[in-house]
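Asks: Mind looking at a prediction? Sequence and model below.
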Amino acid sequence: MDAILLQILNGLDKGAAYALIALGLTLIFGTLGVVNFAHGALFMLGAFCAVTVGKFLSYEVVTLDPSKLTPWGTPAETRTPIVQQWFGDFGAFLVDYSVPFSILFAIPIMLLIGVIMERGLIRYFYKRPHADQILVTFGLAIVVQEIIKAQFGANPIPQAAPVLLAGSADIGAIIGFDPGTVVYPYWRIIYLLFSGLIIGIVFSFLQFTTYGMVVRAGMADRETVGLLGINIQKRFTVVFGLAAVVAGLAGVMYTPILPPDYHMGMDFLVLSFVVVVVGGMGSLPGAVAAGFLLGVLQSFASMNEVKNILPGIDQIIIYLVAVVILLVRPRGLMGRKGVMES
Amino acid sequence: MSLFDDNVNRRLILKTGLAGAAIATAPFHFVRGAGAADYRNMPKGKSVIFGFNVPQTGAYADEGADELRAYKLAVQHINGEGDGGMLNTFTSKELKGNGVNGKKVEFVTGDTQTKSDAARASAKRMIEKDGAIMITGGSSSGVAIAVQGLCQEAGVIFMAGLTHSNDTTGKDKKANGFRHFFNTEMSGAALAPVLKNAFGTDRTAYHLTADYTWGWSQEGSIKKYTEALGWKTAAAVRTPLGAGDFSQYITPVLNSGADVLVLNHYGKDMVNSLTQAVQFGLRDKQVNGKDFAIVVPLYSRLMAQGAGKNVQGIFGSTNWHWSLQDEGSKAFVKSFGQAYGFPPSQAAHTCYVQALLYADACQRAGSFAPCDVAKALEGFKFDGMGNGATEYRAEDHQCFKDVLVVKGKENPDSKFDVLEVVEVTPRSQVEYKPDLLGGQLGSCNNGA
Amino acid sequence: MSQNLEKIKSPLDMEPLTIEIHEVEAASRSNTARNDLILMAVFSAVVLASPWVLAPFGAAYPDLLQRFCIFGIFAIGFNIMFGLTGYLSFGHAAFLGIGSYAAVWSFKLLTMNAIPALFFGVVCAGLFSALIGYVCLRRAGIYFSILTLAFAQMSYNLAYSVLTPITNGETGLQLTLGDARMVDAAFGVERTSSLPITNLFGIKMSGYEGFYLCAIILIISFYISIRIFRSPFGMMLRGIKTNQNRMSYTGINTRPYLLAAFVVSGMYAGLAGSLMAVTDPLAGAERMQWTASGEVVLMTILGGAGTLLGPVLGAGVIKYFENIFSSFNKGILHSAFEFLPDGVADFMVTITHPFVGEGWHLTLGVLFMFIVIFLPGGLMEGAQRIGNLFTGGGKSNADSRSGQTQPAE
């Protein structure tokens, strides 16, 4: 029982990342009709926002100390972290909380990147075939990835969660299991809550604001909304920016769980496309639900008990589910009838 | 060696476009060309070309970059530039700093992408187009085995870079291939006594294993040696390569009753799984009244840097570490550090040593012919290369030397100072019979 | 199911074709036939003479020449599916991988002769693609892409891990001294202490001999592809691309045609895969990864999807990048810019260095974006535009295309 509970938690956590990426993908696909293969790169860029902030906060002044030598004979370096030196305890606090702090920094940056991407490239592809969209965004993803690699190297760069949140919570003890059986890291719980929050914000933005209403109308029928004299173009730009921010924040908060490297976007890309399809192209609730569902399924498939019966099932479960869904219910879990159905 | 040096009217071929003519002439030319040399890519001019085949893109690009740095240094030292590095401490004094066999060493580079196909393609380019006499490098066993096979067929020597799987000099060993790096069998043999001292004999291990050849090889070796100590194995779970999030494999450990977690992961997988295992509180856990322990049987400092604080106190093994205090290591760290500003990794070390060993063997053989060089390397005993007294065993072309057992350092001085050497396991303890791992060397191939 | 299919309108087809096929526009059938003959003759001549033609580019060594041909075949096959029907498969690498595995097993179990290896490679890939195609073709558009992607990824993941007894996993399937080679044994081929080499009735299949085998097969494949393009079957496939609904309304069940095209292109992939094994007897799982499938998509689009020559051209360009650009290091750059004054040379090295060597991926990405944005018809379109500039004669061609090939806005 405790094992199952843990796997559900694991799955939800993994699913939260899938859901956030898939949410942005669906937003873009639903409103702009663009298949964005560079969305994984946006997730990765978000993570590297955290890396950059971390780097700035831990910036050190290097002084050479000629009296001490390194083993290779150059003067030893003493490094003094600037932020702590200047701001004292507050500086130390900032360094400790650099990941959550990066959120403030990541929002404008990702928005800017999203807007530039849409204005500079994507908008020329609204009317082009999906194949062209896939290819140009794929090319862009490669370029972004290589630039990051040139800048930060290929190895993962770990980002620590704040010390206070680095431990794990004994959930088992709280809900009546033996203590120590259901232990879950604080940060993963925070990630889960955080993604819930983001999903909530996006949905209420679309549901309860006039702006969002127009966007939703645009998703349903772009031409008519255009005919009403509404500048749908501008809104599309904002939607793209929003999707970029969602992907970016997913990336920022994921860094303590998965040390970011330049390739992490590609690793998530294929899976999140599968999530989008399973959820139903163009369906936001579908993307979210499918993200969590596939996360949980993947966790269960990884259990020894399951793997002993079906070896290798954890490697293919997501694809298997996608195949079954597409064959049985091509519109996806929550896709509207007729949308992209074939 | 121009394609036009045989007396074929090129325009005629193009004009008629006859397949027959082209087929008839091309092999003719190459048969003739081949007859002139005693072996593949026999150097004719004043220089000889080495081929450095390292990952420049993909997950191991940083290790590949470090390997390339080491190779460049080795070439400088062989050609008599720089401070000579380990040539000063190497027990064989044949290399005089004037190249090899009187020829200056030049090199070409290629990108393996850590894929067997790409690695073979770039190795083939260096052999077929650039005329490389020897191929060396690589950062994974799959690639090493694939390229080693290629070099055997092509008839050049392969000096393996970082490859840890038993198969490289076991099941898949080849007469033209040589490995200086250690293997999982040695890791197991070296780690076991240290683990016994640290954790006792009454332990239950839980393995998480990367689901491919190297992972299985390491899982097998560690199991074999820990079970000989009296440890039990609770489970050995295979994880997909590049899984990213390992949480679903880690949580079952919590209630499995195991008190040691063995992570048979390397590279990115190792950084991720270790980070996450620590996150789940495994390091602070108590099971059966004992402190829970994590073991990473193959450490890489470059990667350990990636895992940050999480490696502190965690045991593993490594081929070499820059903090070693023998003369050879000191000389190498000095010249590498002065050239690049930071200490070399174990990948850089093994590649540097391989390049020097190859050059030395050529010098001793007085030839670049693969079979002569192989003979010179087989059974070659040497010292002063950072690993103590070492021997290239003739039976399987594997180097036997001391193995380092290391531990994540608790209070590192710098960001390079992540590992501390716990024990240097002597060579006698990690040696095994040549037929233990199977495979056949076959006969060496000169390629002509 | 077929009723379901009648509603199918591939989203990939929602836009009019951006790529017109030059050859189709030829005025009359006899004209086409004559042009095809010329095309065939020139193509064969260039391919067979490539060891000479490509020498100035530093690409004239057997392995790369073989790769040009093999990936040319792969891309030609892919083009039959994607270029003609518009169905974008992201899983073709799986068939390539299966062709390789089948070929290596044929070497291991039967004989080192190339013919059975090629035969089994093509047949296995054909069977497998029939199976996968039958399932995937129930959907169109991006769903079809995702289905093929899912199957390919499953094949890759399993081949890498659980299926290791068959595939030898990460290390790749290789020949060993102890292989059975039953047919060879029956014919009394001597066992040597070194690995046997692949051969075609005694001619070794590495080096230039291997290249000429690949070249001849490439030429045959190209010929078959021309025949398919010109055949009623090809017209049918093009009809599906232009408007599948209309095809269905005229009472044609398009699925068998699609499946046939899919299987043909799968067999091409299998052929390419087995040729890879023939010239270099090793089969690795990474050949099946989705990025490998992406690569053939890139090749086809880069050269020009739906054109006859484009895919071969694209395959050549990408393989050239991968093998030659990646080998440029600073030393080579310095000698390349030697003719310039020192300061300028250093500057050139500095600005070009990020794009070669370990940065070749970056160049590929940039090139790719450039092509998709400015030349949606690929290199073939570029060549045609340049051609039109000089001749001025292809005015009607240019006009018919100009409205479509420009990027939106």
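Replies: Great, that's in hand. Numbering: from 1, shown residues only, chains lettered A, B, ... in the order given.
Asks: remind me which residues of the chain are low pLDDT?
Replies: In the absence of a named chain, this looks at chain A. A:337-342 (pLDDT under 70).
Asks: ah, I was thinking of chain B
Replies: In chain B, residues with pLDDT under 70: B:1-37.
Asks: Would you point out which residue is most central in it?
Replies: residue B:162 (1.8 Å; Cα atoms, centre = their mean).
Asks: ok but that one is inside a helix, no?
Replies: No: Residue B:162 is assigned coil when assessed by DSSP: H, G, I helix; E, B strand; the rest coil, not a helix.
Asks: Show me the shaky parts of chain C.
Replies: In chain C, residues with pLDDT under 70: C:1-29, C:392-409.
Asks: Show me the strands in it, by range?
Replies: C:173-174, C:199-200, C:203-204, C:282-283 (DSSP state E).
Asks: what sits against residue C:356?
Replies: By Cβ atoms under 8 Å, 6 or more residues apart in numbering or on different chains, the contact set of residue C:356 is C:325-326, C:328, C:333, C:363. (Each C-beta comes from the backbone N, C-alpha and C, glycine too.)
Asks: ok, 7 Å please
Replies: Residues in contact with residue C:356 (Cβ atoms under 7 Å, 6 or more residues apart in numbering or on different chains) are C:325, C:328, C:333.
Asks: give the contact list for residue C:272.
Replies: Applying Cβ under 7 Å, 6+ apart, the residues near residue C:272 are C:70-71, C:73-74, C:96, C:99.
Asks: Weed out the non-buried ones from the residues you listed.
Replies: Taking 16 or more other Cβ atoms under 10 Å in any protein chain shown as the criterion, what is buried in the contacts of residue C:272 is C:70-71, C:73-74, C:96, C:99.
Asks: Now, the residues you listed that are in helices?
Replies: C:70-71, C:73-74, C:96, C:99 (DSSP state H).
Asks: Which members of those are the farthest-apart pair?
Replies: C:71 and C:99 (12.9 Å; Cβ to Cβ).
Asks: ok so, going back, now the contacts of residue C:272 as a markdown table including distance to chain B?
Replies: As requested, the contacts of residue C:272 are exported to a markdown table (distance: Cβ to the nearest Cβ, whole Å):
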| residue | distance to chain B |
| --- | --- |
| C:70 | 11 |
| C:71 | 11 |
| C:73 | 16 |
| C:74 | 13 |
| C:96 | 10 |
| C:99 | 14 |
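Asks: Closest one to residue A:129 out of the residues you listed, please.
Replies: For those, the nearest to residue A:129 is residue C:74 (22.4 Å; Cβ to Cβ).
Asks: which residues touch the closest residue to chain B within the stretch 151-300 of chain A?
Replies: Nearest residue of the stretch 151-300 of chain A to chain B, counting by Cβ to the nearest Cβ: residue A:154, 3.6 Å away. Residues counted as contacts of residue A:154 (Cβ under 7 Å, 6+ apart) are A:261-262, B:59, B:61-62.
Asks: give me that answer again for 10 Å
Replies: A:148, A:261-263, B:55-65, B:267-268, B:302, C:358 (Cβ atoms under 10 Å, 6 or more residues apart in numbering or on different chains).
Asks: Also residue A:101?
Replies: Taking Cβ under 10 Å, 6+ apart as the test, what residue A:101 contacts is A:50, A:53-54, A:57, A:93-95, A:162, A:252.
Asks: If you rank the residues you listed by neighbours, which is first?
Replies: Highest neighbour count within the contacts of residue A:101, by other Cβ atoms under 10 Å in any protein chain shown: residue A:252, with 31 neighbours.
Asks: As a quick check, tell me the outermost residue of chain A.
Replies: Here the centre of chain A is the reference, and by Cα atoms, centre = their mean the most remote residue is residue A:67, at 47.7 Å.
Asks: What strand or helix carries it?
Replies: Secondary structure from DSSP states H and E places residue A:67 in strand A:60-69.
Asks: For whatever helix or strand comes next after that strand, what is the distance to the chain centroid?
Replies: Per DSSP H and E, the first helix or strand lying C-terminal to strand A:60-69 is strand A:75-81. Centre-to-centre, strand A:75-81 and its host chain are 36 Å apart (Cα atoms, centre = their mean, to the nearest Å).
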